[in-house]
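K.L.:
what's the 3D shape of this:
(4 chains)
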Protein chains: 4
Amino acid sequence: MENANTKRIIVPEAEEILGKEIKILDKGFVRLVDYMGGDAAIVQAARVSYGEGTKKISEDRGLIRYLMKHRHTTPLEMVEMKWHCKMPIFVARQWIRHRTANVNEYSLRYSEPKNDFYIPKLGEIRFQSIVNKQGGCEEKVPDNLSQIIIDTIICNSGQVISDYEWMNDSRISRELSRIILPLNLYTEWYWKNDLHNTLHFLSLRLDKHAQYEIREYAKVMADIVRKVAPFAYEAFEDYVVNSVNFSMQEKEVIREIIFGKNINEASKKLTPREKREFIEKWNDIIENKK
Amino acid sequence: MENANTKRIIVPEAEEILGKEIKILDKGFVRLVDYMGGDAAIVQAARVSYGEGTKKISEDRGLIRYLMKHRHTTPLEMVEMKWHCKMPIFVARQWIRHRTANVNEYSLRYSEPKNDFYIPKLGEIRFQSIVNKQGGCEEKVPDNLSQIIIDTIICNSGQVISDYEWMNDSRISRELSRIILPLNLYTEWYWKNDLHNTLHFLSLRLDKHAQYEIREYAKVMADIVRKVAPFAYEAFEDYVVNSVNFSMQEKEVIREIIFGKNINEASKKLTPREKREFIEKWNDIIENKK
Amino acid sequence: MENANTKRIIVPEAEEILGKEIKILDKGFVRLVDYMGGDAAIVQAARVSYGEGTKKISEDRGLIRYLMKHRHTTPLEMVEMKWHCKMPIFVARQWIRHRTANVNEYSLRYSEPKNDFYIPKLGEIRFQSIVNKQGGCEEKVPDNLSQIIIDTIICNSGQVISDYEWMNDSRISRELSRIILPLNLYTEWYWKNDLHNTLHFLSLRLDKHAQYEIREYAKVMADIVRKVAPFAYEAFEDYVVNSVNFSMQEKEVIREIIFGKNINEASKKLTPREKREFIEKWNDIIENKK
Amino acid sequence: MENANTKRIIVPEAEEILGKEIKILDKGFVRLVDYMGGDAAIVQAARVSYGEGTKKISEDRGLIRYLMKHRHTTPLEMVEMKWHCKMPIFVARQWIRHRTANVNEYSLRYSEPKNDFYIPKLGEIRFQSIVNKQGGCEEKVPDNLSQIIIDTIICNSGQVISDYEWMNDSRISRELSRIILPLNLYTEWYWKNDLHNTLHFLSLRLDKHAQYEIREYAKVMADIVRKVAPFAYEAFEDYVVNSVNFSMQEKEVIREIIFGKNINEASKKLTPREKREFIEKWNDIIENKK
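P.N.:
The predicted structure is shown next:
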């Protein structure tokens, strides 16, 4: 007997981009190799848990929003996506920290590196931020300095690959020759993860504190995830990415603002850093920024 | 050479309660069997990541609060706790869903059940909530009805254990005889988890939507975690338990309230459920509830 | 551009059974809801790791066997399967211990139990083994005793569901009423896992020491996994299920046997239990048992 | 009340080395920062599962050997160890693939690299193996070639750190400057894992196919694990490291050998690679190699 239950969930928008490389940075890419399920798979699993019958489409969106809002995340784990990615090693090193994924990476013990290095473009060179210890800042780097930096990176990459090839020609083992290779060398992997953990990955890597290069990957992947599970992605944006969290102390500040204190007075109990962060969040609300 | 680095981190408040059973429900307990680290271990790990030198104690609290606020949770994983717990099977079934823990549970294939069943007390019987599909409600159950329910549970437990013993006496295999045992039978396990995941467990199980019985365990464990890592637990309360999250849509409602709309008018774009939830959160702020 | 890389891997044998319930025990079932990949997906991922080009089909089998033999298991994680299962709670309790899976289980807080209890059949009642503390034994249970046991289980299930319904009619909350329900009540879940971890699950649950009831599920699932990834399943049988492991001490026993000692003499350094286990393994080889 | 149950398990041999750096390679180290439990903790957890009372010490060893032999690994998860390690990035990249561990790594976004590069010594330079695609071979590399390789690595490292420092002096952000750093740069981390998964890590990284450099770390860690849980480590050596596994096909070969066929004749059904591997394993038994 053929019925709805015996058919795989197919998402037409996702089918269209299946297997297609989307270019990122100068030589990288991601492509969605396969996916299992979509919004319908979330609903299917949630309804087993909650024992309800099938509902009509308008309620699927509501159910998914309810799950996301209340952090009932297990139905989101019922969607799986597999990606083929090419990225610089320093990006791969941040990415691999997400431990729930399955990974098969190109091995430099088995094979020689391809001559593919990440070379940033003029606008991509940035100065060290002073307030933000972990990142760059907005101040523009003069083009001539940027060009020197880029030339240094190119020169370094060229020197290293030439040394590597010489070692290789001397029959030195690949596992040893590779130790001179730099972190801007491109690597490749298959990466498979469920939707819940992929969204968690995106929430961290879309963040403005994430490094520019990995953020470029996160943006492209976010667009693809949106195609695979549009209701879930919309809910993720509304309840996670664009939501705001106020600590217990900040709730007291808000209360004082509501009762008429000005924001400076109300937030004076916070530490300077917390005060700065609170005002930023509060202004985002007032100015209707996401 | 003896120095600070070669000593284990010991937390005197935790040492005092180490190994001691804290009673829960009618026959259950938890006891902290062992712990590794405390606030100092979080700071130690964070400082390896961020490459900073040792700082004085007042800054430890600040660093831990910063980590918790910005969800830099990996240093919290450097603290580990091991528990010995006794709880009804229906509680164990909810608990086991937290998959990062290591577990060794009493096996009814190897051993016979002890005659220990959870029998709720008068005040613990509750009616089904209508608004909240998953829980009980506040309406008081009359004592005489409660007593009948309790008697039914006692009677059921007694009948089952007697049937079990008869099957056992007839040499039926334990793995088969046990299938008639009810979910209010007590079981025991050793449960080991890191601090980050233990706090996540607590955040879900301290929640008012968690079932009363598992919440009783969460409360006791929370008190113990607070002894093991007081700064981390304080930060967890301020930034997670007692914090509030507003979705993108709710931020727009807040903006309209700030600009003078009344709450009813401002929140009319939300769904009825979302509106109810928003008003509840907003009133909690105004009334200074945690 | 359409090419091989942009197509999903489809396994015709798996498509045929997709979504179809296979009955297990008296009222249980499993059905494969969806799968991602098959043998070809293992090969695809392995070849990214090892940097080799596409090879012809006969070599796929060889590559998969090589991976399985040398426990290079990460390419096996690139295949994912999702199942819908219905089984007694005592089976679910063993099953849930496999922590890498994603699970959505029917909740007795949200919904009432269906009147579905596992009632073993005459031949399924077994005596407790004396040598094997965790299981039953081969000795046949007389039919009249089996029938009494079965009647006891039926009677117990009937009594409990009647008590449950009465509590439910009295408006007692479902989360509380359910605590009298026994472990032979059926539950349902969606269960999703990768191939490597599914094979690990099967290796433990197909084992003769696994409880009869969960082994019935493992057998049916094994047949389905064989359809999804036939080369991988064949290699799993050859290198895991039907392989034999000899400890360092047992290797010394084998050496003495090769040099002419009889098996009793050679194995006398082993403990009695180890000797018994060694002789069993050795005889399996001589008698050509799997 | 003070009793055995309220005391932490302390292992005197482990206490002695707690916190002490053991040097590895030219500039690396590991040190055991903390541990939870030891053999006694394994026994403690196993006895909760199997419901048995405390037994005398000689039986602890037997129980642990039984658990290891039958792969009842959950009690081994009740022991936890935390390490501080310093190793080259290419070693860290292999190591991080073990996903069950908790990790806090030195961040090159927050801090500048120390001028610490792995420079192999004369005897550590090896040629590429032809049979083993992933590793080096035994053939000695002439000292003068080795020296040129070493000089190349030193020169490369010096050039890179000088370029890095220049970029840093030009105020380029650390997260960008670091992309030219090579894989032989040292990094540091805190790494925490349970005993079961640490043994799994060791079984893979002590293996002769593991890269020399990570094997050096595995050897030192193995010595330390042996101090923390000597019975468990002994059982691990006997039942895992020094055990041998024969596939279904190899069992048939053994049967034919037992019945008098010579090894060449008996193994002719195996593929050439499998035959070579079988003969190697069989000879190890005959020659009493571990």
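K.L.:
For the closest residue to residue A:204 other than its chain neighbours, give me the pLDDT.
P.N.:
Across the structure, with Cβ to Cβ, 6 or more residues apart in numbering or on different chains as the measure, the residue nearest residue A:204 apart from its sequence neighbours is residue A:210 (6.5 Å). Backbone N, C-alpha and C define where each C-beta goes, glycine included. Here, the pLDDT recorded for residue A:210 equals 95.
K.L.:
Distance-wise, check residue A:210 relative to chain B.
P.N.:
12 Å (Cβ to the nearest Cβ, to the nearest Å).
K.L.:
elements contacting the helix or strand where residue A:16 lies?
P.N.:
For residue A:16, the host element (DSSP states H and E) is helix A:12-17. Other elements packing on helix A:12-17 under the criterion 3 or more Cβ pairs under 8 Å, 6 or more residues apart in numbering or on different chains; DSSP states H and E are strand A:28-36, helix A:212-228.
K.L.:
With only the CA atoms kept, save that helix in CSV.
P.N.:
Coordinates of each C-alpha in helix A:12-17 appear next as CSV, following Å, rounded to 0.1, in the frame of the first residue of the first chain:
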residue,chain,number,x,y,z
PRO,A,12,11.7,21.4,-4.0
GLU,A,13,13.7,24.5,-3.2
ALA,A,14,16.4,22.4,-1.7
GLU,A,15,16.4,20.0,-4.7
GLU,A,16,17.3,22.8,-7.0
ILE,A,17,20.5,23.7,-5.3
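K.L.:
re earlier: looking at the helices and strands packed on helix A:12-17, which is closest to residue C:35?
P.N.:
strand A:28-36 (7.7 Å; Cβ to Cβ).
K.L.:
so what strands line up beside that closest one?
P.N.:
Taking DSSP bridges as the criterion, strand A:28-36 sits next to strand A:22-24 (antiparallel), strand A:80-88 (antiparallel) in its sheet.
K.L.:
Local confidence estimate at the residue of the stretch 1-150 of chain A found nearest chain B?
P.N.:
Minimum separation of the stretch 1-150 of chain A from chain B (Cβ to the nearest Cβ) falls at residue A:69, amounting to 6.9 Å. What the model reports as pLDDT for residue A:69 is 95.
K.L.:
could the helices and strands packed on helix A:12-17 go into a markdown table alongside mean neighbour count?
P.N.:
Putting those into a markdown table (neighbours: other Cβ atoms under 10 Å in any protein chain shown) gives the following:
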| stretch | mean neighbour count |
| --- | --- |
| strand A:28-36 | 23 |
| helix A:212-228 | 20 |
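K.L.:
Can you say which of these is nearest to residue C:273?
P.N.:
Nearest to residue C:273 among the helices and strands packed on helix A:12-17 is strand A:28-36 (44.9 Å), distances taken as Cβ to Cβ.
K.L.:
Please work out the angle formed by the directions of that closest one and helix A:212-228.
P.N.:
Orientation check (axes from the mean of the first three to the mean of the last three Cα atoms, to 10 degrees): strand A:28-36 against helix A:212-228 gives 30 degrees.
K.L.:
Rounded mean pLDDT for strand A:28-36, please.
P.N.:
Model confidence over strand A:28-36 averages 98 on the pLDDT scale.
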